[in-house]
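Novice: Let me see the structure of the following:
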Amino acid sequence: MARYKHIDTSPRFLAVDLRRQLLPGTFEHALDHLLDHEIDLSALDAHFRNDETGASAYPPAMLLKVILFAYSLGIVGSRGIEAACREHVTFVALCGDSAPHFTTIARFVSTLGEDIAHVFGAVLAICDREGLIGREMFAIDGVKLPSNASKTRSGTRAEFARRADKLEKAAETMLARHREEDAKAAEPTVRAKEVKRVERLHRDAQQIRDWLLKNPQDRRGAKRGNRTASIRKSNRTDNESAKMATSKGVIQGYTGVAAVDAKHQIIVCAQAHGSGSEQELLMPVVKAMQEQMSEDTLLTADAGYHSEDNLEQLADCKIDALIADNGMRARDERFADQAQHKAKPDPLWNKTPADQKEALFSPKDFTYDAEAKVCICPAGEFLYQNGARVVIGGREGVKFTGAKRVCGPCPVREQCLRHPERTAVRQVVFFTGKLHKPESHSARMKRRIDSPEGRMRYGQRFATVEPVFGNLRYNKGLDRFTLRGQTKVDGQWKLFCLVHNIEKLAHHGYAQ
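Specialist: Numbering: from 1, shown residues only. Predicted coordinates for the structure are as follows:
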């Protein structure tokens, strides 16, 4: 039988040159060179006050290296990063075999705040120097992610007050039952559990009362034009987060927005906001990235960012943009057969045909003479004209109404009225044309995006921004934010976007 050398995959002592573990062309090599030779991190020195007294601190550059490298591998938890700094040779090389404690890592991430924005800008400048930013088109998009906040602790002030009343009422009910059963023999353990439950109910109710005192006003959403801002639900865990509807259900978290350059998919702007409304996020991102834009830069965004107010502000700033509306695909003949590609129903679904209601009479079933201004219903009765001119949805028309003495006993009433039990008469409108008014920004955008050139240029948006979110969500494992507060979450979102940009630098031969 052949004899082989023993292969020890867990040697206890091994002479390793840590610097040589960072191979040129890799992400970790580009990261190490960036933070040691290119980026000024002196602003982070303000976090420490150990110039004369106190223990020496871990260098911010080293902490940032291990955190960014961990994020690139999908390791987000501080305990996991600490373990990697002890066991993974690349982490050992980056941290110089110092293995910072997980509390040090967690505190560093949560206190980065605005400082990480300066690092993000410095890396962006290096990407521009390396020729990775084209400035021909920037695609804006966002992703909604849950954060370290409880969805069940969301609500308005009125809902919180009702919840506190409910908890106090439940506690009083339990106390009353205890008084009634005092004369009866009860197991001490059961009674002790009930007493603790009453105490917990009172404590939870008091926490809600205290929160209401500290927050005397309801949160308001963004105000659009002259409309009063609607009430936005608060959250007692993280009041800067928001409850948002996604394809996977309702979450409590933040929206991470990114603006991506079309040339090499460099993220030129990254922000996280506690809002599920993408419309109110467009202009903050546009204003933050204006230094990166040129006169010929085109901005693209999907229908979530479309609103008349946003288009008006972009026009006032003279920014070239293509922003889709909800009906763009319905007007595009290339998507005429999109329904057949949608997911088919469950094979076990109930195939019994649903009862179809008889179609109601529509205006085409009425006889209308425009010259004589006469309208006859399907039952052969005349309707009288109700006003000389009506305007509905920006269109002018002529309105006719039936008489009660005719519509009441009408034999086809069930087929004419949607709610015959509470609607007295039938009304019908015949439109004569659109109301003449100045063309809106939305109408101009629809005409432009429906043109062959508009469709071609807007089509580039998908190949620009979607792969970036695929890289962050799937490859980097970003499925939630682990912090609380808009500033901290915004810093964590920028860290992940930094990983993406540094990867681009490494793939294009930086520091080789």
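Novice: The closest residue to Leu124 other than its chain neighbours: what secondary structure?
Specialist: Spatial nearest neighbour of Leu124, chain neighbours left out: Val268 (6.3 Å); criterion: Cβ to Cβ, 6 or more residues apart in numbering. (Glycine included, C-beta is placed from N, CA and C.) On the three-state scheme (DSSP: H, G, I helix; E, B strand; the rest coil), Val268 is labelled strand.
Novice: pretty sure Val268 contacts Val260?
Specialist: Yes - judged on Cβ atoms under 8 Å, Val268 makes contact with Val260 at a distance of 7.1 Å.
Novice: circling back to that earlier point, what does the pLDDT read for the residue nearest to Leu124?
Specialist: Listed pLDDT for Val268 reads 94.
Novice: How many residues are close by it?
Specialist: 25 (other Cβ atoms under 10 Å).
Novice: what residues do Val268 and Val260 have in common as contacts?
Specialist: Residues touching both Val268 and Val260 (Cβ atoms under 8 Å, 6 or more residues apart in numbering): Phe138.
Novice: in what helix or strand does Val143 lie?
Specialist: strand 137-146 (DSSP states H and E).
Novice: Would you mind pulling up the elements that the helix or strand following that strand packs against?
Specialist: Downstream of strand 137-146, the first helix or strand assigned by DSSP H and E is strand 154-155. Here strand 154-155 touches strand 234-235, going by 3 or more Cβ pairs under 8 Å, 6 or more residues apart in numbering; DSSP states H and E.
Novice: Can you list the strands that the strand it packs on pairs with?
Specialist: strand 154-155 (antiparallel) (DSSP bridges).
Novice: which residues touch the residue nearest to Leu124?
Specialist: With Cβ under 8 Å, 6+ apart, Val268 has these contacts: 124, 133, 138, 259-261, 289, 292.
Novice: how about low-confidence regions in the stretch 301-450 of the chain?
Specialist: 340-357 (pLDDT under 70).
Novice: ok, which stretches of the stretch 151-300 of the chain are helices?
Specialist: 157-180, 188-214, 282-288 (DSSP state H, counting those that start in this stretch).
Novice: Nearest to Gly74, out of these?
Specialist: helix 282-288 (26.3 Å; Cβ to Cβ).
Novice: list the buried ones in the closest one?
Specialist: 282-283, 285-286, 288 (16 or more other Cβ atoms under 10 Å).
Novice: Redo the residues you listed as JSON lines? Include distance to Gln415 and pLDDT.
Specialist: Below are these laid out as JSON lines (distance: Cβ to Cβ, whole Å; pLDDT from 0 to 100):
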{"residue": "Leu282", "distance to Gln415": "47", "pLDDT": "90"}
{"residue": "Met283", "distance to Gln415": "50", "pLDDT": "90"}
{"residue": "Val285", "distance to Gln415": "52", "pLDDT": "91"}
{"residue": "Val286", "distance to Gln415": "52", "pLDDT": "91"}
{"residue": "Ala288", "distance to Gln415": "58", "pLDDT": "89"}
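Novice: Check the gap between Lys437 and Gly394 for me.
Specialist: 7 Å (Cβ to Cβ, to the nearest Å).
Novice: Neighbour count for these two, which is higher?
Specialist: Gly394 (10 against 7).
Novice: surely the more buried one meets Glu439?
Specialist: No - applying Cβ under 8 Å as the test, Gly394 and Glu439 come out as separate, 11.6 Å apart.
Novice: Between the two ends of stretch 269-282, how far is it?
Specialist: Using Cα to Cα, to the nearest Å, the end-to-end distance of stretch 269-282 comes to 12 Å.
Novice: Retrieve the pLDDT associated with His294.
Specialist: Quick fix: residue 294 is Ser, not His. pLDDT, read off for Ser294, is 87.
Novice: Counting residues, name the longest strand you see in the protein.
Specialist: strand 249-261 (DSSP state E).
Novice: Need the phi and psi values for Arg480.
Specialist: Dihedral angles of Arg480 (phi, psi; degrees, to the nearest 10) stand at phi -170, psi 160.
Novice: thinking it is in contact with Tyr254, fair?
Specialist: No - here Arg480 lies out of contact with Tyr254, judged by Cβ under 8 Å, at a distance of 9.7 Å.
Novice: Can you pull the residues that touch both of these two?
Specialist: 145, 147.
Novice: More neighbours: which of the two?
Specialist: Legend: neighbour count by other Cβ under 10 Å for Arg480 and Tyr254, higher for Tyr254 (33 against 13).
Novice: ok, now which ones touch that one?
Specialist: 144-145, 147, 241-242, 272-274, 481, 486, 489, 493 are the contacts of Tyr254 under Cβ under 8 Å, 6+ apart.
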